[in-house]
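Visitor: when you get a sec, could you give me coordinates for this:
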Amino acid sequence: WVYPNGMEEEYEGTKTIIVKYTACGSTMIADWYTKSLTESETHSEALDYRQGRTDDDGNIWGPLTWNFFQLVDHTIASLEAEDYEVVIDGCVFIHGEQDTKFDENMALYEEGLECFVKDVRTYLGDEDMPFIITEALTNSGKYCNDLRAMQKRVADKFDNCTLLTNEGLTTNTFEPWHYGKAGNYEIGNRIAAEFIAYNDTRKVVSYDMDPVKVPLNADVTLPKYVPATFDNDYSGYIKVEEYTSTYDNTKEGTYEVSFKASGCQDVEGKLTVEVTDEIYVDGIMNEYEGRKSVSLG
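Guide: Residues are numbered from 1 along each chain as shown. Below is the predicted model:
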């Protein structure tokens, strides 16, 4: 495990666990609803209760929410049986694309997501637990833009709740719903940066970001996560809180842009931006290299 310099002894014996629960094609309306949504005056009657689970107090939960809770409970019990003191650092919810296909699903999704954040925190015993909602990836559903707007509104309603950007990430080459290998690694690193930003005590030795190329007269969003190397010789992302200077996209040249990063001790950084009139490639040129070809008769 990776510890801050000089703190190896304090953290000796620490174990880090990721509890992952997933199901293909799941929806809020049938799978992930929580008891608060079943009590909603507006949407309770629209839920699909056919596979709902009832707890000892008579509350009904979506089947996947219930199974997720049981997996967390089992993990905690297993760790406590090994004499570990369990601390839950946060929750990530990657979801929503399936719901964007249906009118009735989207009608209740925003309240459902709000209830999910609230009830998961309550169940896990931490009303301020960091919670990350990943921005919907696909544009293939009818209501994808509406879903992203809902995710943003819900994230803004809670403290310690973040909507994680999917900017720059692409889907698999063969379907529009899931990240490919590179995208999965990237989204994982961004999630880690978000959690670490809540209590980051590392000192940055260097920022390892390649220059950002910007087309002349174009508006480009600068990276929200910057790779860095720390004083313990490990590397990872730093979350950019704000850019404190800018560049002129109407003039070619190389600019140094300053930013502040959240959490870590070394919060001041600089990024190189190159404004150029060269042909701009918005993507990976060789992403299909080595793929098998299929001939259709």
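
Visitor: which helix or strand contains Thr162?
Guide: strand 161-164 (DSSP states H and E).

Visitor: partner strands of that strand and their direction?
Guide: Based on DSSP bridges, the strands next to strand 161-164 in the sheet, each with its direction, are strand 131-134 (parallel).

Visitor: which outside residues touch the strand it pairs with?
Guide: 90-94, 113, 117, 120-121, 151, 154-155, 158, 160-164, 166, 187, 191, 194-195 (Cβ atoms under 8 Å, 6 or more residues apart in numbering). Backbone N, C-alpha and C define where each C-beta goes, glycine included.

Visitor: do stretch 240-253 as well
Guide: Judged by Cβ under 8 Å, 6+ apart, the contacts made with stretch 240-253 from elsewhere in the structure are 214, 216-220, 222-226, 255-262, 267, 269, 271, 273-277.

Visitor: the closest residue to Val117 other than its chain neighbours and Ile94, how far apart?
Guide: Among residues not flanking Val117 along the chain, Phe131 sits closest, at 5.3 Å (Cβ to Cβ, 6 or more residues apart in numbering). From Phe131 over to Ile94 the distance is 12 Å, taken as Cβ to Cβ, to the nearest Å.

Visitor: more neighbours: those two, which one.
Guide: Shown here are Phe131 and Ile94; by other Cβ atoms under 10 Å, Phe131 has more neighbours (23 against 18).

Visitor: so what sits opposite that one in the bridge?
Guide: Taking DSSP bridges as the rule, Phe131 bridges to Cys91, Cys161.

Visitor: can you mark which positions in the strand or helix carrying Thr229 are buried?
Guide: Under the assignment given by DSSP H and E, the secondary-structure element containing Thr229 is strand 225-230. Buried residues in strand 225-230, counted by 16 or more other Cβ atoms under 10 Å: 225-228, 230.

Visitor: next one: stretch 177-191
Guide: Of the residues in stretch 177-191, those buried under the neighbour-count criterion (16+ other Cβ under 10 Å) are 179-180, 183, 186-187, 190-191.

Visitor: thought Thr42 was touching Glu111?
Guide: Yes - the pair Thr42 and Glu111 qualifies as a contact (Cβ atoms under 8 Å) at a distance of 6.9 Å.

Visitor: okay, those two: which has more neighbours?
Guide: Neighbour count, other Cβ under 10 Å: between Thr42 and Glu111, Glu111 has more, with 18 against 10.

Visitor: please identify which helix or strand holds the more buried one.
Guide: With secondary structure defined by DSSP H and E, Glu111 is part of helix 103-124.

Visitor: and Thr75, by the same measure?
Guide: The secondary structure element spanning Thr75 is helix 63-81 (assigned by DSSP H and E).

Visitor: how about residues contacting that helix?
Guide: Outside of helix 63-81, the residues that reach it under the criterion Cβ under 8 Å, 6+ apart are 15, 17, 19, 21, 23, 26, 30-34, 51-53, 55, 61, 86, 116, 119-120, 123-124.

Visitor: please check the residues you listed and keep the buried ones.
Guide: For these, a burial check counting by 16+ other Cβ under 10 Å picks out 26, 30-34, 52-53, 61, 116, 119-120, 123-124.

Visitor: fine, thanks again, bye for now.
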